[in-house]
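>>> Just the structure for this:
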Amino acid sequence: MDWEKWEGKKVFLRTDKDKVFSGIVKEVADIGDGIIFISLIDRFGLWITVPVSKIAELKEEVEKNGQP
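Residues are numbered from 1 along each chain as shown. Alright, predicted model coming up:
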């Protein structure tokens, strides 16, 4: 998957341990050997970093008017 396409997007993210985050993706870091991290600023202003291997669900959030 092209993880970089998520940068700048408002997303809903659920981990494999059912932790849920909502916010804007600020960084996608590929550190090699297939290890990739997604970092976002969540709705509370906290910096959250999750390895993509732990993501169970990731989707773009859409406003009620149909715009992201």
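>>> Next secondary structure after the top strand by length along the chain?
For the chain, the strand that runs over the most residues, judged by DSSP state E, is strand 20-32. Later in the chain than strand 20-32, the nearest helix or strand by DSSP states H and E is strand 35-42.
>>> Packing partners of that next one?
Judged by 3 or more CB pairs under 8 Å, 6 or more residues apart in numbering; DSSP states H and E, the packing partners of strand 35-42 are strand 10-15, strand 20-32, strand 47-51. The way it works is simple: take the backbone N, C-alpha and C, and place the C-beta from them, glycine included.
>>> And the contacts of the longest strand of the chain?
Applying CB atoms under 8 Å, 6 or more residues apart in numbering, the external contacts of strand 20-32 come out as 3-4, 6-15, 36-43, 47-48, 50, 61.
>>> redo that, cut-off 10 Å
Strand 20-32 is contacted from outside by 2-15, 35-52, 56-58, 60-61, using CB atoms under 10 Å, 6 or more residues apart in numbering.
>>> Now do that strand against strand 35-42, angle only.
150 degrees (axes from the mean of the first three to the mean of the last three CA atoms, to 10 degrees).
>>> strand partners of strand 20-32, parallel vs antiparallel please.
strand 10-15 (antiparallel), strand 35-42 (antiparallel) (DSSP bridges).
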